[in-house]
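Engineer: Show me how the following folds:
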Amino acid sequence: MKMAKCVQAFVRGSPERFSEWFDTAANRNVPVGPQIWICGDCHVGNIGPLGDASQHVSVEVRDVDQTVIGNPSHDVLRLALSLAMAARESDLPGVTTARIVEQLISGYVAAVSRGHRDDGTAARKPESIQFGFKRALRRTWKDLFEERLEDTSPTIPRGVHFWPLLQEEKSAIETLFATEDVRKLVALPPECAEVARVRVVDAAFWRKGCSSLGRLRMAVLVRIDPPPKGKEKLSLIDIKEAAKPCAPRYELAQMPRSNAERVVRGATSITPPLGARMLAARLLDHSVVLREVLPQDLKFDFGRLSQDEARKIAHYLGFIVGRAHARQMGDSEREAWCRELGRHPKSIDVPSWLWTSVVELAALHEAAYLEHCRRYALESRG
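Structural biologist: Take a look at the predicted model:
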């Protein structure tokens, strides 16, 4: 039902379709980049403000469930398709879509050529991104609990989003959260780090979007005991089963066999502040990733975009992804990758491989979206 709401939601919810297409992209002159960790599902919703343990906020790639060591072109093209669908939802003309793709690759190449070093002036935040960023800076733990848990009381309300756990599941969580690794995961104040322990206050199954369907997904509310300076310290931990990625990997790439360890390793390479907040573990014989949810973690909500704002957003998000890739490359690799990206013939100021791929993918997903809606309409009527 969520994927039937709009074509952009359908694109976000069907990464397998994109990756299947990309896996046969050798015949489409898609450039082959260096072996680095890629996001694997690099759409607009997976980039946004992200906090760290020191309360520093930056805009980063913030969801790496599909991360693999693969071709960086995959992330570039996935983001280009996502932006093209966003332009469609805003009723922007095709000429603007071409300019969006042009600005995306421009921002990406600027970041790769520059490296991960950013003094804050290399890519200025567009107005809508600046708005979301300032909102993230203002958010507090109270905001997080009211948004995620519906109130600020130290419980997880059962209902549409949170479901009761079995006794076996509760016991497994208690055992896991008694370990030293989990204690270190939760941000502890220096003055009590040596003596404090993490106590589970409440836990529930988290029905959170398509990613929780058929998989283990839990929310755990924990308290630091004893509390620092007499103030109650609560944290919300997201436990998510790590599934097999659908993004194509380089055949000879060496990655952890555990999907949870793969996700944490990829996060540490792509977005170090995110990787530092994650832990790979086993729970009820499932490979899971634990992640502390911070108030500053947000998705951008762009709404309807103007032509000018859409171009600026594309350039900025391209820069963010380019920075995530560049931090994994040496100088010689970055130079070679920029040359490879610029080697292909251009249509307007967009490499032909990128533009023709976006056109082909847009048509493919539009057709699949309409068929998805037809099937959903028939099922709901039946």
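
Engineer: Going by secondary structure, the residue nearest to the spatial centre of the chain is in what exactly?
Structural biologist: In the chain, the residue lying closest to the centroid (Cα atoms, centre = their mean) is D63, at 2.0 Å. Here D63, judged by DSSP states H and E, is contained in no helix and no strand.

Engineer: correct me, but it touches N46?
Structural biologist: Yes. Between D63 and N46 there is a contact under Cβ atoms under 8 Å: 4.0 Å. In this view, the C-beta of every residue, glycine as well, is placed from N, C-alpha and C.

Engineer: Please enumerate the shared neighbours of the two.
Structural biologist: By Cβ atoms under 8 Å, 6 or more residues apart in numbering, D63 and N46 have these common neighbours: C39.

Engineer: re the thing from before, so how far is L50 from the residue nearest to the centre of the chain?
Structural biologist: According to Cβ to Cβ, to the nearest Å, D63 stands 10 Å off from L50.

Engineer: Next up, identify which helix or strand L279 is on.
Structural biologist: L279 belongs to strand 278-283, assigned by DSSP H and E.

Engineer: Go through that strand and flag the buried ones.
Structural biologist: Residues of strand 278-283 classed as buried by neighbour count (16 or more other Cβ atoms under 10 Å): M278, L279, A280, A281, L283.

Engineer: low-scoring stretches of the stretch 151-300 of the chain, by residue?
Structural biologist: 151-153, 187-196, 209-213, 226-232 (pLDDT under 70).

Engineer: can you give me the helices in it?
Structural biologist: Along the stretch 151-300 of the chain, the stretches classed as helices by DSSP state H, counting those that start in this stretch are 167-176, 180-185, 259-270, 272-275.

Engineer: Kindly reformat the ones you listed as JSON lines containing mean neighbour count.
Structural biologist: Below are the helices of the stretch 151-300 of the chain laid out as JSON lines (neighbours: other Cβ atoms under 10 Å):
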{"stretch": "helix 167-176", "mean neighbour count": "14"}
{"stretch": "helix 180-185", "mean neighbour count": "15"}
{"stretch": "helix 259-270", "mean neighbour count": "23"}
{"stretch": "helix 272-275", "mean neighbour count": "18"}
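
Engineer: Quick one, which of those helices gets closest to A324.
Structural biologist: Ranking those by proximity to A324 (Cβ to Cβ) places helix 259-270 first, at 4.7 Å.

Engineer: Give me the helices and strands touching the closest one, please.
Structural biologist: strand 36-38, helix 272-275, strand 278-283, strand 286-293 (3 or more Cβ pairs under 8 Å, 6 or more residues apart in numbering; DSSP states H and E).

Engineer: Which segments of this protein make up each domain?
Structural biologist: Taking automatic domain parsing as the domain assignment, the ranges for the chain are 7-137+300-381, 140-245+272-293.

Engineer: Endpoints of the last one, how far apart?
Structural biologist: According to Cα to Cα, to the nearest Å, domain 140-245+272-293 extends 12 Å from its N-terminal end residue to its C-terminal end residue.

Engineer: The residue nearest to the centre of the chain: what's it in contact with?
Structural biologist: C39, D41, G45, N46.

Engineer: which SS state does the second one fall under?
Structural biologist: It stands for D41. Under DSSP: H, G, I helix; E, B strand; the rest coil, D41 falls in the coil class.

Engineer: Contacts only, for it.
Structural biologist: Counted by Cβ under 8 Å, 6+ apart, D41 has contacts P15, D63, D65, Q66, R78, A247.

Engineer: just to revisit the earlier point, so which of the helices of the stretch 151-300 of the chain comes closest to W353?
Structural biologist: For the helices of the stretch 151-300 of the chain, proximity to W353 was assessed by Cβ to Cβ; helix 259-270 is nearest, at 23.2 Å.

Engineer: What's the local residue count around the closest residue to E127 other than its chain neighbours?
Structural biologist: Nearest residue to E127, sequence neighbours excluded (Cβ to Cβ, 6 or more residues apart in numbering): E309, at 6.6 Å. Using other Cβ atoms under 10 Å, E309 is surrounded by 16 other residues.
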